[in-house]
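Student: Sequence and predicted model, in that order:
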Amino acid sequence: MVFSSLLTRFQPLDVLPEIRAICIEEMGSWMQSYSTSFLTDSYLKYIGWTLHDKHREVRLKCLKALKGLYSSRDLTARLELFTSRFKDRMVSMVMDREYDVAVEAVKLLILILKNMEGVLTDADCESVYPVVYASNRALASAAGEFLYWK
């Protein structure tokens, strides 16, 4: 309620990617710290929508916020609907044009693989495997770690 009223009140500011990135980062912190109040679909949708943001920094903050949530088995149980709705986007982000975003996407998928058994299908995993051959060392290394955990 509080965050959505803030978003509504400052809607003209959302044209600035820096503002969106800060909001997503803070929302991720609130979801971790006050999961009872903020880890709900009504707040998660903002993170899901901004996974499609055209600015690198915003996408990066989304993935980092999600990594904080998916790293806890207690919290992942409450992310089932979000995961089913935005899993395809998270998987496709391993091919992001910005390498640091793609690396974070692979690391997020590793957490999903570890903490939510059976969520990633064989087809989802198969889209990560070729990334092992990426020319970017960090991305190839992250994909190798994914392959190890799979």
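Tutor: Looks like it came in fine.
Student: which stretch of helix or strand covers Glu97?
Tutor: Slight slip there: residue 97 is Arg, not Glu. Here Arg97, judged by DSSP states H and E, is contained in no helix and no strand.
Student: Can you tell me, leaving aside adjacent residues, what's nearest to Leu75?
Tutor: Computed as Cβ to Cβ, 6 or more residues apart in numbering, the closest residue to Leu75 that is not its neighbour in sequence is Leu69, at 5.1 Å. C-beta coordinates here come from the backbone N, C-alpha and C atoms, glycine included.
Student: Also Leu44?
Tutor: Nearest to Leu44 is Phe82, by Cβ to Cβ, 6+ apart, at 4.5 Å.
Student: what sits against that neighbour?
Tutor: Phe82 makes contact with Asp41, Leu44, Ile47, Gly48, according to Cβ atoms under 8 Å, 6 or more residues apart in numbering.
Student: Just the buried residues from those residues, in ChimeraX please.
Tutor: Applying 16 or more other Cβ atoms under 10 Å to those leaves a buried subset, and the ChimeraX line that selects it is:
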select :44,47,48
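Student: quick one: which of the contacts of Phe82 sit in helices?
Tutor: Counting by DSSP state H, the part of those found in helices is Asp41, Leu44, Ile47, Gly48.
Student: just the residues you listed now: which is nearest Lys64?
Tutor: Of all the ones in helices among the contacts of Phe82, Ile47 has the smallest distance to Lys64: 10.4 Å, by Cβ to Cβ.
Student: In contact with that closest one, which residues?
Tutor: Ile24, Met27, Gly28, Cys62, Ala65, Leu66, Phe82.
Student: Which residue, other than its chain neighbours, is closest to the residue nearest the centre of the chain?
Tutor: Taking Cα atoms, centre = their mean as the criterion, Leu63 is the residue nearest the geometric centre of the chain, at 3.2 Å. Nearest residue to Leu63 in three dimensions, chain neighbours excluded: Glu104, at 3.9 Å (Cβ to Cβ, 6+ apart).
Student: I figured the one you found hits Ala65, correct?
Tutor: No. Glu104 lies out of contact with Ala65 (Cβ atoms under 8 Å); the separation is 10.3 Å.
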